[in-house]
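1. sequence first, then the predicted structure:
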Amino acid sequence: MVFSSLTFLLLFLPLVLLVYFSVPQKFKNTVLFIFSLIFYAWGEPVYLFLMLYSILFNYVIGLDIERQQEKGRNGRGSLILGVTVNLLLLGLFKYYGFLAENLGRLFAVELPDVSLGLPVGLSFYTFQSISYLADVYRKTAEYEPSFVNFAMYISMFPQLIAGPIVTYSSIKKEISRRSHSMRAVEEGLKTFTIGLGLKVLLANRLGGLWNEAGTVGYESISTPFAWLAITAFSLQIYFDFYGYSLMAKGLGRIMGFTIPENFHDPYLSLSMTEFWRRWHMTLGSWFRDYVYIPLGGSRKGKLMTFRNMLAVWALTGFWHGASWNFILWGLLMFALISVEKLGLIRILERVPALGHLYMAFAISVSWVLFAVTDLSQMAVYFTRLFPFLPQPDRPPSKECSFLM
């Protein structure tokens, strides 16, 4: 079920709000949990049990970390177990096929063929679970004693499918107690409507132009059309994701939650460094707080800083998808941001016009790596963007893949 569907808008959402505002405060989390399960089961009935297992497992691990610390231990073993199991589940469903294929090519080892579909929202609720365990371990948030409250936090339908990533520490108080008002409902509906408009009126229309390039075949498009298509994709992915984030934020506001901002005019950035402070901000914050800083951040000299940045961007690329193009995209982000940190960013900020030109070019090129998963087709597309590049020696496959 998607937010822009008639089923959601005319049936599911009105029913949720009717029941939610009809019950006493102490039952509101239960209502949200039940309806979130229905929302998820609507499109992923089989994988509902995986999400329920993840919720129960992380709830128990959180309790165990707290009990270990009450006994004077640090609970590190429980944290490691929890993070390991979460990552193994994510790896099994999202990355097993990719790893099996590439390990087979490298070492001529044939791993068992396990055909598993990717559960919707797995990456998001896995990251939320890991952040919860880490926050409890570091004592930046108290553990959640109520199973219903914890289950509602992990499965809350406004941000379950595509984020934003809401950390437990940022929403703990509102899980236990939150206020409701007609003004909040009005603001939430306004935010939701703006997001819905961005998704339906802009993102879906722009996506048609990008899809047309794939339908025609990259080898058949002209250079102007190639630039037009990737520009359309750049705008489509922004309005689609930003629109969804606004809808999630609006729904959260209606029900008394403060879901964090996820975008802040990223295409106005003067550098890629600034861009990633404005784009998918909750993902960037997650990697900063739970990967970059624990690795040492920028506290151990330049060499270690770049090592930590490389780890973050390799993981960021791989998080987006189990394909080499996403890894290349992450490495490109690392390379651009590294060059900026070595001095380029000062020039770009001093001459804003140059910064905007640089970003217009860098964003377009980077989205090609993100959008086209077939590396041979990616090469073809670059020859259309830059006709002076050498043409592929063999006819490219007509198959291509692009983000919807």
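-> Done, it's in.
2. R307: neighbour count?
-> Residues lying near R307 (other CB atoms under 10 Å) number 14. For the C-beta atoms, the positions are set from N, CA and C on the backbone; glycine is no exception.
3. what residues sit buried inside the host helix or strand of it?
-> Using DSSP states H and E, R307 falls within helix 302-320. For helix 302-320, the neighbour count (16 or more other CB atoms under 10 Å) marks 305-306, 308-309, 312-314, 316-320 as buried.
4. low-confidence ranges, the stretch 1-150 of the chain, go.
-> Along the stretch 1-150 of the chain, the model assigns pLDDT under 70 to residues 115.
5. going by residue numbers, what spans are helices in it?
-> Using DSSP state H, counting those that start in this stretch, the helices assigned to the stretch 1-150 of the chain run over residues 6-7, 13-20, 28-43, 48-70, 76-90, 96-107, 122-138, 147-155.
6. what's the answer for the stretch 151-300 of the chain, then?
-> 157-160, 168-176, 182-197, 204-216, 223-254, 272-278, 281-287, 293-295.
7. please work out which of those helices is packed deepest.
-> Comparing the helices of the stretch 151-300 of the chain by mean neighbour count (mean count of other CB atoms under 10 Å), helix 157-160 comes out on top with a mean of 24.
8. that one - what's its average pLDDT?
-> For helix 157-160, mean pLDDT is 91.
9. isn't L103 right next to L111, touching?
-> Yes. With contact defined as CB atoms under 8 Å, L103 reaches L111; the gap is 6.6 Å.
10. and A322, helix, strand or coil?
-> coil (DSSP: H, G, I helix; E, B strand; the rest coil).
11. and if you look at M378?
-> Strictly by three-state DSSP, M378 counts as helix.
12. list the contacts of it.
-> 325, 368-369, 372 (CB atoms under 8 Å, 6 or more residues apart in numbering).
13. and which of the buried residues of helix 302-320 is nearest T231?
-> Closest to T231 out of the buried residues of helix 302-320 is H320 (20.4 Å), distances taken as CB to CB.
14. which residue packs closest to that closest one, ignoring adjacent ones?
-> F326 (4.7 Å; CB to CB, 6 or more residues apart in numbering).
15. so that neighbour touches W313, yeah?
-> No. In this structure F326 lies outside contact range of W313 using CB under 8 Å: 10.9 Å.
16. got phi/psi on S146?
-> Backbone torsions for S146, taken as degrees, to the nearest 10, come to phi -90, psi 120.
17. for burial, what's the neighbour tally of it?
-> Counted with other CB under 10 Å, S146 comes out at 14.
18. how close does it sit to I175?
-> The spacing between S146 and I175, counted by CB to CB, to the nearest Å, is 9 Å.
19. returning to what we had before: want to throw the helices of the stretch 151-300 of the chain into TSV with distance to A353?
-> Formatted as TSV, the helices of the stretch 151-300 of the chain follow (distance: least, CB to CB, whole Å):
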stretch	distance to A353
helix 157-160	38
helix 168-176	37
helix 182-197	30
helix 204-216	26
helix 223-254	19
helix 272-278	15
helix 281-287	26
helix 293-295	35
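20. indicate which one of the ones you listed is closest to N58.
-> Using CB to CB, the nearest of those to N58 is helix 168-176, at 10.1 Å.
21. relative to helix 223-254, how tilted is the closest one?
-> With axes from the mean of the first three to the mean of the last three CA atoms, to 10 degrees applied, the angle from helix 168-176 to helix 223-254 works out at 40 degrees.
22. which strands and helices lie in contact with helix 168-176?
-> helix 122-138, helix 147-155 (3 or more CB pairs under 8 Å, 6 or more residues apart in numbering; DSSP states H and E).
23. what do you get if the cut-off is 6 Å, keeping everything else the same?
-> helix 122-138 (3 or more CB pairs under 6 Å, 6 or more residues apart in numbering; DSSP states H and E).
24. from the chain's centre, how far out does the helix it packs on sit?
-> Put simply, helix 122-138 sits 14 Å off its chain's centre (CA atoms, centre = their mean, to the nearest Å).
25. ok so, going back, what's the closest of the helices of the stretch 1-150 of the chain to F388?
-> helix 96-107 (32.3 Å).
26. mind listing what's buried in that closest one?
-> Quick answer for helix 96-107 (16+ other CB under 10 Å): 96-98, 100.
27. closest to I194 among these?
-> The closest of those to I194 turns out to be F98 (CB to CB; 36.7 Å).
28. who's in contact with that closest one?
-> F98 makes contacts with A322, as judged by CB atoms under 6 Å, 6 or more residues apart in numbering.
29. ok, back up a step: A151: which of the helices of the stretch 151-300 of the chain is closest?
-> The nearest among these, by CB to CB, is helix 168-176 at 10.7 Å.
30. and the contacts of that closest one?
-> With CB under 6 Å, 6+ apart, helix 168-176 has contacts from 132, 135, 140-141, 149, 153, 257.
31. and the angle from it to helix 122-138?
-> Going by the same axes, to 10 degrees, helix 168-176 makes 90 degrees with helix 122-138.
32. what angle do helix 168-176 and helix 48-70 make?
-> Using the same axes, to 10 degrees: helix 168-176 against helix 48-70 is 100 degrees.
33. now could you export just the CA positions of helix 168-176 as PDB?
-> What follows is helix 168-176, C-alpha atoms only, in PDB (Å, rounded to 0.1, in the frame of the first residue of the first chain):
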ATOM      1  CA  TYR A 168      14.600   5.900  19.300                       C
ATOM      2  CA  SER A 169      16.400   8.600  21.300                       C
ATOM      3  CA  SER A 170      14.800  11.300  19.200                       C
ATOM      4  CA  ILE A 171      11.200  10.100  19.700                       C
ATOM      5  CA  LYS A 172      11.300   8.300  23.100                       C
ATOM      6  CA  LYS A 173       9.300  11.000  25.000                       C
ATOM      7  CA  GLU A 174       6.500  11.100  22.400                       C
ATOM      8  CA  ILE A 175       6.200   7.300  22.400                       C
ATOM      9  CA  SER A 176       5.300   7.400  26.000                       C
END
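34. average pLDDT across it?
-> 88.
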